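Trainee: my questions concern the predicted model and sequence given below.
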Amino acid sequence: MRNDDSGKYFLYIHTPTFGSVAVLWSMFHSEPGIFRILLSGQGVNAEAYVSEFFHDCRSGSCRMIDSVAGDIEAFLSGEDISFSLSLVRMDLCSEFQQKVLIIEQSIPRGYVSTYQRIAERLGNPCASRAVGNALARNPFPIIIPCHRAIRSDRTLGGYQGGTDMKRRLLSMEGIHFDEKNRVNIN
């Protein structure tokens, strides 16, 4: 079904490795705008989450959303994809969260940062917990690769799709782990 320029929509992406992903979007200033990406994981699949919490959304897509969905699918298949923020509704995030997400977006594939380093880049080295909270509420996982942020002790920290998914995403990007399941930084 194509969109009719009103309402909220979802598009499911089905991946063999990571399960389903839901792209939630609506028209915003006459352009499609993604307001949420939902990952499957930790015992809940994206379809069930949409069904339970996004009753006002219906199935629909358009060329631009199809393109982003194709990029997400390619990324989750291991391709090196860089996402544009042009279709994500950053205006729905607080000013602080927007700053955190933009810094997180700048971390290249195959690298990680820590919540502490991100807080330092924001000019507030005491804000590592706030950075972690902002990333925990990242409405655009995969597009904004919050899986690339880890704890200062090199352990993974949390992730919306679960820590197993976070580890698999980082491994897919060439990040290695030591025998204690910490990110191996050389």
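Mentor: Nice, I can see it. Numbering: from 1, shown residues only.
Trainee: element containing Tyr9?
Mentor: Tyr9 is part of strand 8-15 when elements are defined by DSSP states H and E.
Trainee: which ones are touching the nearest residue to Ser94 once chain neighbours are set aside?
Mentor: In this structure, Ser94 finds its nearest non-sequential neighbour in Ala134, 7.8 Å apart by Cβ to Cβ, 6 or more residues apart in numbering. Where C-beta positions appear, they are placed from N, C-alpha and C, glycine not excepted. By Cβ atoms under 8 Å, 6 or more residues apart in numbering, Ala134 lies in contact with Ser94, Phe96, Gln97, Val100, Leu101.
Trainee: and the lowest mean pLDDT element among the helices and strands of this structure?
Mentor: Sorting the helices and strands of the chain by mean pLDDT, DSSP states H and E puts helix 46-53 at the bottom, at a mean of 93.
Trainee: give me the domain ranges for the chain.
Mentor: According to automatic domain parsing, the chain comprises the domains 8-76, 93-172.
Trainee: which of those domains sits closest to Leu87?
Mentor: Closest of the domains of the chain to Leu87 is domain 8-76, at 5.2 Å (criterion: Cβ to Cβ).
Trainee: number of residues surrounding the closest residue to Tyr9 other than its chain neighbours?
Mentor: Using Cβ to Cβ, 6+ apart and skipping residues adjacent in sequence, the residue nearest Tyr9 is Gly60, 3.6 Å away. Neighbourhood size, Gly60 [other Cβ atoms under 10 Å]: 18.
Trainee: Gly60 reaches Leu11, doesn't it?
Mentor: Yes: the criterion here is Cβ atoms under 8 Å, and Gly60 meets it with Leu11 at 7.2 Å.
Trainee: residue closest to the middle of this protein?
Mentor: Pro141 (0.5 Å; Cα atoms, centre = their mean).
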